[in-house]
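Peer 1: how would this look folded up:
(one chain, ligands or ions: 1)
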Amino acid sequence: MTSENMKRRAGEKAVTFIEDKMTIGLGSGTTVNWMLKKLGERVREGLNVTGVSSSVKTEKLARELGIPVIGIDQVDRLDLAVDGADEADRNFTLIKGGGGSLLREKMILELAEMKIIIVDYSKRVDELGKFPVPVEITPFAWEKTTKLVAGTGCRPELRTADGVPFVTDNGNYILDCAFGVGKVNPELHTVLKTMTGVVETGIFTDLADVIVTGSHHDVSIERR
Ligand SMILES: O=C(CO)[C@H](O)[C@H](O)COP(=O)(O)O
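Peer 2: Model prediction:
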């Protein structure tokens, strides 16, 4: 089974948590796209839900699939949110932001009563850090911020797309910071967040209640 099929299993399973009249936080990424496709089918069958999106891409796809989307400032809370991850450890700490939507994804997960993370099994790790931590920074003084971030013990690389800096939906840049396995933890997030110029980090703590993991043979659900 391909990794895409495992993502599909996880994404479709997450839809079983969604009930009528819920307001749902919509994460971003290829695994979330599978969830959206299944949710779109359910909406066309009559399920009444409203989505709040974590990215311009997700909002576009959700609308194309017939899922109503409203802005985050129109809600005080979300019934649940479904999002992907780049790594998830045994404590349910995550690295996110491979798609560059980490700031909005974090804001959405923080608002959700139930936070559901969907991954394929290759993303379940004992220790975080093989995947470089995405750190969103301001374009202003980005080279200075990069030096500050490097001082925490990583090799930050400015993310690019088509030869120019990748720009997030918030108009910021991303540094991909390779710390190494075992070096990524909630304390590192706190240190990075104190740096002026750092907007948000891709280290997500206490932002997963349920992890749905798609694998070759089945799909598993773990609760925190
Ligand atoms: O954090 C994210 C985007 O900012 C994604 O959820 C994460 O990168 C996983 O993506 P995919 O499901 O495509 O593997």
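Peer 1: I'd like to know which elements the lengthiest strand in the chain is packed against.
Peer 2: Looking across the chain with DSSP state E, the single longest strand is strand 112-120. Contacts defined by 3 or more Cβ pairs under 8 Å, 6 or more residues apart in numbering; DSSP states H and E place strand 112-120 against helix 3-14, helix 30-44, strand 78-83, strand 210-214. Every C-beta, even on glycine, is put in place using the N, C-alpha and C of the backbone.
Peer 1: What are the buried residues along it?
Peer 2: Ala112, Lys115, Ile116, Ile117, Ile118, Val119, Asp120 (16 or more other Cβ atoms under 10 Å).
Peer 1: List the neighbouring strands of that strand plus their orientation.
Peer 2: Strand pairing for strand 112-120, determined by DSSP bridges: strand 78-83 (parallel), strand 210-214 (parallel).
Peer 1: looking at these, which is closest to Gly97?
Peer 2: Relative to Gly97, the nearest member of these by Cβ to Cβ is strand 78-83, separated by 10.9 Å.
Peer 1: Report whether the closest one contacts the ligand.
Peer 2: Yes: interface with the ligand: strand 78-83 contributes Asp83 (Cβ under 6 Å from any ligand atom).
Peer 1: Contacts for that strand next, please.
Peer 2: Identification of contacts with strand 78-83 by Cβ atoms under 8 Å, 6 or more residues apart in numbering yields 14, 17-19, 22-29, 32, 35, 52, 54, 96, 105, 108-109, 111-118.
Peer 1: Name the next helix or strand downstream of that strand, please.
Peer 2: Where DSSP states H and E defines the elements, the next helix or strand beyond strand 78-83 is strand 87-88.
Peer 1: What is that next one packed up against?
Peer 2: Applying 3+ Cβ pairs under 8 Å, 6+ apart, we find strand 87-88 packed against strand 94-95.
Peer 1: is the strand it packs on anywhere near the ligand?
Peer 2: No: using Cβ under 6 Å from any ligand atom, strand 94-95 never reaches the ligand; the gap is at least 8.2 Å.
Peer 1: what pLDDT, on average, does that strand get?
Peer 2: Averaging pLDDT along strand 94-95 gives 98.
Peer 1: What about Lys193, how many residues nearby?
Peer 2: Neighbourhood size, Lys193 [other Cβ atoms under 10 Å]: 13.
Peer 1: With Arg44 instead?
Peer 2: Taking other Cβ under 10 Å as the criterion, the count of residues near Arg44 is 11.
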